[in-house]
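Enquirer: Sequence and predicted structure, then a few things I'm wondering about:
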Amino acid sequence: MPTTFPSTRLTATSPPNPLFPAKKSILKKKKRPTEEERFAIGQAKRLLKRGKRSQKWEIRYQLVLSAVRSTIAILQNFGLSCAAFGSLACKLYGEFRFPEDVNLLVLQPPQQGYPNSSILSHTVEEIKKLIIDADPVHYYFKTPGDLFYREEGYRTDCRVDIVLPGTMHLPSLLPPEPSGGATTANADTSDGAASATGRQIITISGIPIIPFYLLLLHKLQAWSDRYSSNELSKRRKSSQDKVDVKRLLNMWEHIEPLRLTQPWTNKVLFSEEFQELTKERVRKYCSAFRKKAVCETWKSLGFEVDNFRI
């Protein structure tokens, strides 16, 4: 008679088989986190993501600084003064923006006392060509007319935009005071009184930038143009300009002197057309923003905002 062995097949009603004992699960059942634990985990993830984003923007900012300092040095070698505007100027004035590119207002005629000061006025294309010829290792045209700066060790390049006085109603300014240390690192002449004097370029951390009032008006103009644009991409960008204007208005150390000087009424700096456009843009901004504190600040600067709705 053949030998029989106990069946190894287990059923729901089968008793435990002593030859094949059931394995105990080595994985314990996960305990569901409490609401407080879930909040803490989410907060940690958000902070980590924010930290990575800040690190990325800080690296980008260092590239922008390298690009603007290199470009300024080249322009000065040709006797040309310049001033940064846009997001870089916002960063230097208020530490609330991480710039992605360089925007420079190049002044003409050139300064005296430079090796190439005999060169007279240039077009934007000629200035960009001068920059590339002076340093073809770091500068190049990505597309015709689009000047970019590259540096080893960075994954992306930095766009360098050159404009001349008259473009976007930007006025012709005076070079920084020699005592301001325009080429000296960490020089800072950014006090409110200096930025309200009118045509003088301000120097912060060795970088010449447009006066504060001009940055405020230019940001307001950028917001208005994009806000009224038919292109969806531009209208979306207007939200950042809107926030930039609000943050500039909150910088009381620069706003306070402007209440007395009101340089936007200077007919030497701005045409009557630009002055009227600025008044209309202020009214439009107040109507769109609908914040009493913001509109009261504009009113304290001499603008009429009585008809806005809050």
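Expert: Noted; the coordinates are in hand.

Enquirer: Verify the stated contact: residue 223 with residue 242.
Expert: Yes - applying C-beta atoms under 8 Å as the test, residue 223 and residue 242 come out as touching, 5.4 Å apart. (C-beta placed from N, C-alpha, C; glycine too.)

Enquirer: Okay, helices next: where are they in the chain?
Expert: 35-77, 87-94, 124-134, 192-195, 212-227, 232-249, 252-261, 272-289, 292-300 (DSSP state H).

Enquirer: Show residues contacting the second one.
Expert: Outside helix 87-94, the residues that touch it by C-beta atoms under 8 Å, 6 or more residues apart in numbering are 61, 64, 68, 84, 96-103, 190, 204-205, 207, 209-210, 212, 215, 219, 244, 247-248, 251, 254.

Enquirer: Spell out which residues are contacts of both of residue 223 and residue 242.
Expert: Here residue 223 and residue 242 have residue 285 as joint contacts, going by C-beta under 8 Å, 6+ apart.

Enquirer: Looking at these two, which has the bigger crowd around it?
Expert: Neighbour totals were compared for residue 223 and residue 242, and residue 223 leads with 25 against 21 (other C-beta atoms under 10 Å).

Enquirer: Which residue comes closest to the more buried one once chain neighbours are left out?
Expert: Nearest residue to residue 223 in three dimensions, chain neighbours excluded: residue 241, at 3.6 Å (C-beta to C-beta, 6 or more residues apart in numbering).

Enquirer: Low-confidence bits of the chain, can you list those?
Expert: 1-30, 37, 39-41, 43-54, 57, 109-120, 178-197, 306-310 (pLDDT under 70).

Enquirer: Residue 66: what's it in contact with?
Expert: 149, 151, 158.

Enquirer: Give the buried subset of those residues as a ChimeraX selection command.
Expert: This is the ChimeraX syntax for the buried subset of the contacts of residue 66, where burial follows 16 or more other C-beta atoms under 10 Å:
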select :149,158
